[in-house]
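Visitor: Have a look at this prediction, sequence included:
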Amino acid sequence: MKPIIIGYTTGVFDLFHIGHLNILKRAKEHCDYLIAGVSTDELVQSYKNKTPVIPFHERIAIVDSIQYVDKVIAQEHRDKYKTWEELQYDVMFVGDDWKGTPLFDDLEAKFQKVGVNIKYFPYTGGVSSTLVKEKLLT
């Protein structure tokens, strides 16, 4: 029997847009069971120094309703390895804008020792929550 591949991805998912949908859809194409971590308002405030436009309870409800997501969890910290220890996922999905950063270089080294892969997806150009916010203000 083929083992089930568990995938994991995270995001703020503020002002949900096609880029968010693309990463969830692509992730599901590469695993059998997709877990999505949605950053809490407190976490976003702590590392981006800004509060999402859409409150956490609404963002997590939106992501939970996406057909490609099997389980949604609150992302309360940015330690992906700690989350792996809890969830035991096989592959993590992230946008390629993170590839080659010190954070993900370190994570790749840690994950390689435990057999977890990181799959980088091309960033969806021309759309982001920041761009949506800018358009709303003009």
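Guide: Thanks, I have the structure now.
Visitor: Confirm for me that residue 15 is in contact with residue 53.
Guide: Yes - using Cβ atoms under 8 Å, residue 15 is in contact with residue 53, at 5.7 Å. For glycine as for every other residue, the C-beta is placed from the backbone atoms N, C-alpha and C.
Visitor: Of those two, which one has the most company?
Guide: More neighbours surround residue 15 than the other of residue 15 and residue 53, with 18 against 14 (other Cβ atoms under 10 Å).
Visitor: The more buried one should be in a helix, yeah?
Guide: No - counting by DSSP: H, G, I helix; E, B strand; the rest coil, residue 15 falls outside a helix, being coil.
Visitor: what's the pLDDT at it?
Guide: If you check residue 15, the pLDDT there is 92.
Visitor: ok, it to residue 134 distance?
Guide: 11 Å (Cβ to Cβ, to the nearest Å).
Visitor: and what of residue 87?
Guide: Distance from residue 87 to residue 134, by Cβ to Cβ: 35 Å.
Visitor: same deal with residue 116?
Guide: From residue 116 across to residue 134, the span is 36 Å (Cβ to Cβ).
Visitor: who's more crowded, the two?
Guide: Neighbours around residue 116 and residue 134, counted as other Cβ under 10 Å, are more numerous at residue 116. The numbers are 20 against 10.
Visitor: Run through the residues that contact residue 121.
Guide: Contacts here follow Cβ atoms under 8 Å, 6 or more residues apart in numbering; on that basis residue 121 touches 22-23, 26-27, 93-96.
Visitor: Can you classify residue 120 by secondary structure?
Guide: Secondary structure of residue 120, per three-state DSSP, is strand.
Visitor: That one pairs with what?
Guide: residue 94 (DSSP bridges).
Visitor: any idea how far residue 85 is from it?
Guide: According to Cβ to Cβ, residue 120 and residue 85 sit 22 Å apart.
Visitor: Much appreciated, bye for now.
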